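> I need the structure of the sequence given here:
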Amino acid sequence: MNAPQSGTPLKIGMFLFEKVMTQRSTPVILTISPGRIVLASADRVVADVPADQVRTKVSRVLKVNELHGPWGKWMLGAVGAAKSEDFTDAQATEVIEAQKAAQQDPALAQLELARTVWVGQPTTADGSWTGSLSSMAKGETKMQPRIAPMVDEALLAAGVQRA
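Just a heads-up that it's a prediction; the model follows:
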């Protein structure tokens, strides 16, 4: 897919899993611009790299976005691990405001992510019966397979290559 010619970045609130099978993940804002990918937590820039240095794929089993880059392999999830921090109000506002601008940009109209505002939450599935029922009631298992392909499409449009 050709990268949309727009200066408007796409932003989405995701959870960074630096390793598999962890109880914690880091809430990050993924900023996708033509030719550039940035991951930032509430207090630091985790990665700021040219898009051509990153590879992407959606995991078949976990339905998370795998990002392969100078750091190795990281996973981005729409829903965080049970013991993860929530997004700060400032992070949520940043995503909402950026996506309002993206929705108004005709160059981004082809991308589903441009029409989506998402700031994830930690899962309520904490290993307890109550947590599992709460997770099912909130539809958490349905969110990851819905969000991951949108993020993948936007990453590819920005110049990231398929892993």
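
> Only C-alpha atoms from now on, for both contacts and neighbour counts.
Fine.

> What is the burial count for residue 78?
When neighbours are counted by other C-alpha atoms under 10 Å, residue 78 registers 28.

> residue contacts, residue 33?
Residues near residue 33 by C-alpha atoms under 8 Å, 6 or more residues apart in numbering: 7-10, 158.

> Could you report the neighbour count for the residue nearest to residue 65 when sequence neighbours are not counted?
Distances taken as C-alpha to C-alpha, 6 or more residues apart in numbering place residue 58 nearest to residue 65, at 4.6 Å, with adjacent residues excluded. Residues within reach of residue 58, counting by other C-alpha under 10 Å, total 20.

> picking that back up, which of the contacts of residue 33 count as buried?
Applying 16 or more other C-alpha atoms under 10 Å to the contacts of residue 33, the neighbour count classes 8-10, 158 as buried.

> Make a markdown table from those and add secondary structure and pLDDT to it.
Formatted as a markdown table, the buried ones among the contacts of residue 33 follow (DSSP: H, G, I helix; E, B strand; the rest coil; pLDDT from 0 to 100):
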| residue | secondary structure | pLDDT |
| --- | --- | --- |
| 8 | coil | 89 |
| 9 | coil | 95 |
| 10 | strand | 96 |
| 158 | coil | 95 |
